[in-house]
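Sequence first, predicted coordinates after that:
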Amino acid sequence: MIDTDERGGNRLETTRVDRHGRLPSASMKVSLDWLNSYFDRPCLPQEAEAELTRVGFPEDGQESLNLPGGATDTVIDFEVTSNRSDCLSHIGLARELAAATGRQFQAPQPELAPGKTPIMELAQVENNQPELCPLYTARVINEVQVGPSPKWLRQRLEAIGLRPINNVVDVTNFVLHELGQPLHAFDLDKLAGSRIVIRCAQENEPFVAIDGSKHQLQSSMLVIADAQRPVAIAGIMGGLDSEVGNQTTNLLIESAIFDPLSVRRTSRTLKLSSDSSFRFERGVDPQGVDAASQRVCALIVELTGATLADGVITVGRPLPTPRELAMRCDRCNALLGTDLSPQQQGGHLERLGLQPQVKSQTITCTIPTYRLDLQREVDLIEEVARHHGLDNIAVQEKIHIVARPPEPERQARQTVSRILVGHGFHETVTSSFIAEHLASPFLSPGDEIVSLFAEQRKAESTLRPSLLPSLLACRKLNQDSGNQVVSLFEIAATWTRGDGGIQEHRRLALLRDAEDANIAVRLLRGCIEEMFEILGGPDVGLRFDPIDTPGWSVAATIWLGPDRIGQMGILDEQLRELFDLQLPLVVGELDADATIGLFPPKRHVRDLPRYPAIERDLSVVIDDTIRWDQVAAVIQDTDPALLEQLRFLGTYHGKPIPPGHKSLSLRLIFRDPDTTLRHEQVDPQVATVIAALRGSFNAQLRS
């Protein structure tokens with residue numbers, strides 16, 4: 001197999017510093033003679049440099065060459081931003097230069113003569129990873145005569161710094177730099193079973209690349225294999241065993257699309273890169289895959305006297321169709337500070353091949369599949385700005401600012417922070433990655449952890465399923481620094497893997513020291529209740545239900561109406577020891593979107609009371625296992641007349657309260673809205689409450 005790599009003398013440098021001391025996004029070396037072959041009239045070096053720089057491709061060096069055979073050429077380095085993968089080719093920059101200068105652009109139109117032997121009789125392709133290889137095409141060429149390339153082809157490659165090898169290798173390199181589509185040429189006779197299998201590598205499967213480097217592959221890496229072994233690392237480099245040599249007579253030509261993230265990960269892990277991987281990492285034109293295959297095959301047939309097999313093998317998903325994208329002309333002018341007519345804006349887009357349709361104040365464009373960067377309206381506005389010319393956009397002496405109120409979500413987020421800071425909490429910003437053994441105790445039933453490749457983050461390779469381990473690690477850091485009485489909170493994302501794939505949730509987590517467990521729980525609950533009342537109003541339906549759950553010595557589920565939105569309580573000693581924490585801690589974690597979504601609050605306005613209330617405090621001795629919510633429910637069920645409010649005051653353990661019991665103190669507030677309430681009116685209601693508590697819990701009134 002042959003692809004574009006250091007065997008071909010590739011000189012693309014992606015990490016060197018340019019003459020301005022910057023790190024360029026990419027350096028595309030362009031032969032001006034090659035570029036001019038696509039135009040109706042030639043372009044001088046000064047014009048090419050000036051016009052491409054004007055539309056966003058700064059010149060990064062220029063060189064006049066005297067090529068073998070007496071030919072001369074000018075080679076210019078242009079910087080190409082990472083989102084413009086279509087311009088990592090001569091055709092891509094020729095399109096831009098034609099649009100900037102008004103030249104007629106003509107792309108090559110390969111013509112393939114009808115083949116002889118059906119390709120299905122010569123080769124088979126099996127795609128086991130359509131997610132990582134959305135499209136794979138293969139053509140077969142027979143009776144190839146490998147030899148030196150013609151003079152014109154050698155000069156094209158030498159101009160951009162590539163060393164000619166032979167007519168097959170040189171054609172694949174030429175088409176890559178012409179169209180931007182990486183291709184691979186396999187020696188078909190070296191493919192076991194004349195078969196291509198697109199699959200993931202086996203763990204530690206050996207592979208020798210054509211540059212002679214040896215690698216142990218991982219199961220996450222995509223490979224191109226024959227019936228027995230890998231013959232290429234997909235999108236990066238071919239194998240030594242299947243490369244094209246002087247004895248090659250039959251070729252299988254590969255043109256494909258590979259997942260950019262998969263190519264990038266594999267390239268970084270193996271420390272192996274090429275011109276092919278550089279382009280696949282940035283994305284290639286799906287509609288250009290077969291066009292590049294036809295171009296390569298036509299040139300190889302022409303230069304080697306070969307015979308093309310009939311047909312093409314295509315496996316993968318259907319090709320995407322060009323999308324439509326609309327732009328508001330008024331929005332374009334407002335954003336750029338221009339006064340361009342719809343026709344002027346459409347003219348710039350027309351020269352870029354975007355087929356604009358102008359209707360009133362809206363322009364609808366058909367986006368070519370090679371323009372992967374055009375996704376939003378603002379991208380079209382940028383195209384207008386580039387080709388109108390930034391120098392032609394006047395600098396405004398004044399900046400006009402439209403004052404708008406903060407978005408409700410932003411206000412709610414600020415409100416939450418203000419409330420928690422007021423309660424003594426400090427906001428943290430922690431890493432999203434934690435160690436796997438710290439993540440597992442915080443998984444919900446049915447969920448799995450989300451891990452990355454260990455090579456990327458060896459110590460902490462797991463995305464946190466909860467914010468609590470991050471806060472606990474932060475508390476440990478404060479403990480080691482001698483900081484006492486720590487309260488922390490964080491609003492951030494968490495990740496888990498379930499039946500529906502990877503799920504991302506935004507959480508609000510709180511942590512505070514709990515030297516006195518009862519007080520700490522009450523303080524945290526009160527803080528949460530206050531936060532919900534300020535965010536949503538007094539009647540949001542917040543409640544706490546005690547539960548028994550592993551890892552917590554005291555715990556309660558937090559409900560918002562019918563929805564479970566979180567949990568709070570005290571961590572048990574075993575979970576604290578996992579983080580090497582000494583003090584007891586009370587923690588809570590809530591669904592941040594449900595919490596913030598309550599905003600703005602719903603308030604009910606009423607007149608201030610005109611008549612005084614009567615308060616009655618009761619202290620009853622009850623069993624220690626009875627919860628406040630049970631007591632409150634019994635009192636509410638008695639429906640005391642004129643009861644305005646029921647308040648929890650506290651609990652007491654100790655003498656003279658018997659063991660296994662507690663004294664619970666509460667306050668009943670009565671008020672008559674129409675007249676002054678008298679004590680003799682309240683006494684029967686209080687007696688009813690005492691009787692209900694005695695009957696339900698065998699409560700005894702403390703004197």
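Nice, thanks for sending it over. Numbering: from 1, shown residues only.

what about the helices in the stretch 551-700 of the chain?
If DSSP state H, counting those that start in this stretch is used as the criterion, the helices of the stretch 551-700 of the chain fall at 573-578, 592-596, 628-638, 679-697.

which parts of the longest one are buried?
By neighbour count with 16 or more other C-beta atoms under 10 Å, helix 679-697 contains the buried residues Val682, Gln685, Val686, Val689, Ile690, Ala692, Leu693, Ser696, Phe697. Every residue, glycine included, has its C-beta placed from N, CA and C.

In CSV: the residues you listed, plus distance to Ala633 and pLDDT.
What follows is the buried residues of helix 679-697, written out as CSV (distance: C-beta to C-beta, whole Å; pLDDT from 0 to 100):
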residue, distance to Ala633, pLDDT
Val682, 21, 95
Gln685, 17, 95
Val686, 18, 95
Val689, 12, 96
Ile690, 16, 95
Ala692, 10, 96
Leu693, 11, 96
Ser696, 9, 95
Phe697, 11, 96
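
and which of those residues is nearest Ala556?
Phe697 (20.2 Å; C-beta to C-beta).

That closest one is in contact with Val621, isn't it?
No: Phe697 is beyond contact range of Val621, at 9.6 Å (criterion: C-beta atoms under 8 Å).

Could you export the buried residues of helix 679-697 as JSON lines, including distance to Thr338?
Conversion of the buried residues of helix 679-697 to JSON lines gives the following (distance: C-beta to C-beta, whole Å):
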{"residue": "Val682", "distance to Thr338": "76"}
{"residue": "Gln685", "distance to Thr338": "75"}
{"residue": "Val686", "distance to Thr338": "77"}
{"residue": "Val689", "distance to Thr338": "75"}
{"residue": "Ile690", "distance to Thr338": "80"}
{"residue": "Ala692", "distance to Thr338": "77"}
{"residue": "Leu693", "distance to Thr338": "77"}
{"residue": "Ser696", "distance to Thr338": "77"}
{"residue": "Phe697", "distance to Thr338": "77"}
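
now, among the residues you listed, which is nearest to Glu530?
Proximity to Glu530 was ranked across the buried residues of helix 679-697 by C-beta to C-beta; first place goes to Val689, at 26.9 Å.

Spit out the contact partners of the closest residue to Arg564 other than its chain neighbours.
Using C-beta to C-beta, 6 or more residues apart in numbering and skipping the chain neighbours, the partner closest in space to Arg564 is Thr557 (5.9 Å). With contact taken as C-beta atoms under 8 Å, 6 or more residues apart in numbering, Thr557 is in contact with Phe544, Asp545, Ile547, Arg564, Gly566, Gln567.

Check Thr557 and give its pLDDT.
Looking at Thr557, its pLDDT reads 95.

With Ala26 instead?
76.

The residue nearest to Pro108 when sequence neighbours are not counted: neighbour count?
In this structure, Pro108 finds its nearest non-sequential neighbour in Arg295, 6.3 Å apart by C-beta to C-beta, 6+ apart. Here the neighbour count serves as a burial measure; for Arg295 (other C-beta atoms under 10 Å) it reads 24.

got the contact list for Arg295?
Counting by C-beta under 8 Å, 6+ apart, Arg295 touches Pro108, Pro110, Val175, Glu178, Leu179.

With neighbour count added, can I get the residues you listed in JSON lines?
Supplementary listing: the contacts of Arg295 in JSON lines, determined by neighbours: other C-beta atoms under 10 Å:
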{"residue": "Pro108", "neighbour count": "15"}
{"residue": "Pro110", "neighbour count": "17"}
{"residue": "Val175", "neighbour count": "28"}
{"residue": "Glu178", "neighbour count": "23"}
{"residue": "Leu179", "neighbour count": "26"}
